[in-house]
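Participant: I'd like to go over a predicted model; first the sequence, then the structure.
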Amino acid sequence: MGPVLDRRTLLQAAATTAAFAFLGEGPARASAPGRLGPVRACALRHGEPVAADATGLWRLLPRPERLGPSFGPDVHLYGLAAAGEDLYVGAGRVRETPAEAEAPGVPPHLADLAGPDDTESPRREHRPVLYRVGPDGGVREVDVPWPAGLAHGFVHGVAALDDRITLAVSGTAQPDTPMVTRTYLVSSGDGGRTWSERLVRRYGAEALSPHLAHNESGDLALVTVDGDGTRRAFRGAIANGPARPSPVEGRGAPECVVLTASGGLRFVSEEWRRERFGAEPSTVVAVSGSSGRVLTGSGGKWRLEEFR
């Protein structure tokens, strides 16, 4: 007889699967040693493109080369921005909470007879985390007071310019359902010494992960996508809260969002990628902090280009 799965284990498994479906990414898949995995974010550090796959950072040119250590399988990278010599990396980190001491449904006087299949599995929580990576590849976790209303959370986007930092943080208040039901902007105007937070969206149902875009001038746009595909854009500046949402063209989750030098908002769609590359396997990722530019390519061949 195989192992018995308790109700919480089944609910957590279903919730985690649903969460990654709503986040638009599967669980982190370890790529072969020394091989770049699917690119999730890109930034320019002194004009050099740096990319993040699920578990680490890479220099891309002339060919992919690991930058610093791997963050490990329990850290899932999503956001990346450059500020001078440093890189800021936004992620979600899995944390396990020990199982309850008593087995569910087992009378206290029979607890000593409960087997391992009768006890609850550890609860896996996803917690937001921000890392600062120095020019030598050294990694330091940044102390950020995360919103208290999140039982599960991820840093889905990072914007940085000089000492100003803004993070798009999404998650849910429900401890057993790791998906997107609210989005915050968490900001610092002094290089991370002090922080403030703002609840931007509280969704009526599960939503898709948001997109955070900024350009060289510090213009900022947060694009949220409801579960039914409705888009909303919140405009502002890094470390300066956005105004009311403005109408946004199109529906559904874009592949990425870019800001032009004049602050114009552009959406990269799957249709555009197919028209541009045909059947060729390719990735299109917005370049954080770069006006209107995207990173395109696959494998060991990458290029920066203007999105028109």
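Facilitator: That came through fine.

Participant: could you list everything the residue nearest to residue 256 when sequence neighbours are not counted pairs with in the sheet?
Facilitator: Spatial nearest neighbour of residue 256, excluding adjacent residues (CB to CB, 6 or more residues apart in numbering): residue 286 at 4.0 Å. For glycine as for every other residue, the C-beta is placed from the backbone atoms N, C-alpha and C. With DSSP bridges applied, residue 286 shows beta-bridge pairing to residue 294.

Participant: so how many other residues sit close to the closest residue to residue 194 other than its chain neighbours?
Facilitator: Of all residues not flanking residue 194 in the chain, residue 188 sits nearest, at 6.3 Å (CB to CB, 6+ apart). By other CB atoms under 10 Å, 21 other residues sit near residue 188.

Participant: for residue 59, same thing?
Facilitator: Neighbours of residue 59 (other CB under 10 Å): 16.

Participant: so what's it up against?
Facilitator: 48, 49, 50, 65, 67 (CB atoms under 8 Å, 6 or more residues apart in numbering).

Participant: try 7 Å this time
Facilitator: 48, 50, 65, 67 (CB atoms under 7 Å, 6 or more residues apart in numbering).

Participant: relative to residue 304, how far out is the last one?
Facilitator: When CB to CB, to the nearest Å is the yardstick, residue 67 and residue 304 sit 17 Å from each other.

Participant: next: the first one.
Facilitator: Residue 48 sits 10 Å away from residue 304, taking CB to CB as the criterion.

Participant: same thing with residue 291?
Facilitator: Taken as CB to CB, the span from residue 291 to residue 304 is 12 Å.

Participant: now do the residue nearest to residue 256 against residue 267, distance only.
Facilitator: Separation of residue 286 from residue 267 (CB to CB): 10 Å.

Participant: now do the shared contacts for the two.
Facilitator: In contact with both residue 286 and residue 267: residue 257, using CB under 7 Å, 6+ apart.

Participant: which one of the two is surrounded by more residues?
Facilitator: residue 286 (28 against 22).

Participant: got a pLDDT number for that one?
Facilitator: pLDDT, residue 286: 94.

Participant: ok, now the one 3 residues further on?
Facilitator: pLDDT, the model's per-residue confidence, is 91 for residue 289.

Participant: repeat that for residue 1.
Facilitator: On the pLDDT scale, residue 1 gets 40.

Participant: go on, residue 11?
Facilitator: Reading off the model, residue 11 has pLDDT 33.

Participant: what comes up buried for the strand ranked longest in the chain?
Facilitator: Ranked by residue count, the top strand of the chain under DSSP state E comes out as strand 196-214. By 16 or more other CB atoms under 10 Å, the buried positions in strand 196-214 come out as 197, 200-201, 203, 206-214.

Participant: before we move on, what about stretch 59-76?
Facilitator: Under 16+ other CB under 10 Å, the buried positions of stretch 59-76 are 59, 60, 64, 66, 67, 68, 71, 75, 76.

Participant: list just the nearest of the residues you listed to residue 36.
Facilitator: Of all the buried residues of stretch 59-76, residue 36 sits closest to residue 64, with 4.2 Å by CB to CB.

Participant: so, low pLDDT: which residues of this structure?
Facilitator: 1-34, 97-123 (pLDDT under 70).

Participant: go again with 50.
Facilitator: Counting by pLDDT under 50, the chain contains low-confidence residues at 1-32, 101-103, 106, 110, 118.

Participant: helices of that one, start to end?
Facilitator: Ranges of helices in the chain, per DSSP state H, are 7-23, 270-277.

Participant: any idea how far residue 187 is from residue 41?
Facilitator: 19 Å.

Participant: the two: which is more packed in?
Facilitator: Shown here are residue 187 and residue 41; by other CB under 10 Å, residue 41 has more neighbours (25 against 22).

Participant: what's opposite the closest residue to the more buried one other than its chain neighbours in the beta bridge?
Facilitator: Leaving out its chain neighbours, the residue that sits closest to residue 41 by CB to CB, 6+ apart is residue 80, at 3.8 Å. Beta-bridge pairing for residue 80 (DSSP bridges): residue 89.

Participant: correct me if wrong: residue 80 contacts residue 287.
Facilitator: No: with contacts counted by CB atoms under 7 Å, residue 80 stays clear of residue 287, the gap being 9.7 Å.
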